[in-house]
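[1] Quick one, structure for this:
(chains A and B)
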Protein chains: 2
Amino acid sequence: MEPRLKVWVEAGDRLVLSDYRVQLLEVIAARGSLAEGAAALGLSYRRAWGKVREIEANLGRKLVESSAGGPGGGSSRLTEEGERLVACYNRFRQALTEYAAQEFERQFGAS
Amino acid sequence: MEPRLKVWVEAGDRLVLSDYRVQLLEVIAARGSLAEGAAALGLSYRRAWGKVREIEANLGRKLVESSAGGPGGGSSRLTEEGERLVACYNRFRQALTEYAAQEFERQFGAS
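    The predicted model follows:
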């Protein structure tokens, strides 16, 4: 037997962070572009952008900042707050996963 | 912001325990009857029975034992293994919920 976990964070009963949302923010940061981040996850630009806006609206904070296009297209990066929340979530998620494995073993033992 | 968790237990990639499943087992134990337990959760007898059988099949262990009817109807109770697993799950679930609250506070602080 193995434990499984789904984790997310709400603000005022609205979903703000989850594995999927944090992955989207990370890939935008890694590619330096919302369009390329979206493509890397197989999302349309419109859908990725909508998701980022939704998170920001639910949180009341700006997480991604973009500079306008020009010939090479625009670029996007995480705000300081965006970077901080991604790091907090990842530490939280990792700690919880590790604790769940240990605690499961402790409670269920050789079940 | 607040953490949210969904927890379940799989055996061989099959779902065996979850809040809902454990609640079903608990209510069967509390009422001493699968029919009454099902009714308390608004489930049909057939559905509750199917769920119990599914858990037992996925786990390869018997969790509920029933004695046949007679005028007053049959009664059901958890096997020793059923009781043990319900208790293990509840301790695991409770510990995880508490840890998540503490760890969230630790990582997100005054976010």
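
[2] how about the residues of chain A near chain B?
    Counting by Cβ under 8 Å from any Cβ of the partner chain, chain A comes close to chain B at A:1-11, A:16-17, A:59, A:84-85, A:88-89, A:91-92, A:95-96, A:99-100, A:103-104, A:107-108, A:111. Every residue, glycine included, has its C-beta placed from N, CA and C.

[3] Apply 6 Å and report the result again.
    Applying Cβ under 6 Å from any Cβ of the partner chain, one finds that chain A approaches chain B through A:1-11, A:88, A:91-92, A:95-96, A:99-100, A:103-104, A:107-108.

[4] Name the nearest residue to the closest residue to chain B within chain A, ignoring sequence neighbours.
    Closest approach between chain A and chain B, counting by Cβ to the nearest Cβ: A:Lys6, at 3.9 Å. Closest residue in space to A:Lys6, ignoring its immediate chain neighbours: B:Lys6 at 3.9 Å, by Cβ to Cβ, 6 or more residues apart in numbering or on different chains.

[5] So that neighbour lies in a strand, does it not?
    Yes - membership of B:Lys6 in a strand is supported by DSSP: H, G, I helix; E, B strand; the rest coil.

[6] Counting neighbours, what do you get for it?
    The tally of other residues near B:Lys6 (other Cβ atoms under 10 Å in any protein chain shown) stands at 11.

[7] thought it was touching A:Val7?
    No - using Cβ atoms under 6 Å as the test, B:Lys6 is too far from A:Val7 to be in contact (7.9 Å).

[8] buried residues in the helix or strand hosting A:Glu105?
    Using DSSP states H and E, A:Glu105 falls within helix A:80-108. For helix A:80-108, burial by neighbour count (16 or more other Cβ atoms under 10 Å in any protein chain shown) applies to A:82, A:85-86, A:88-89, A:92-93, A:95-96, A:99-100, A:103-104, A:107-108.
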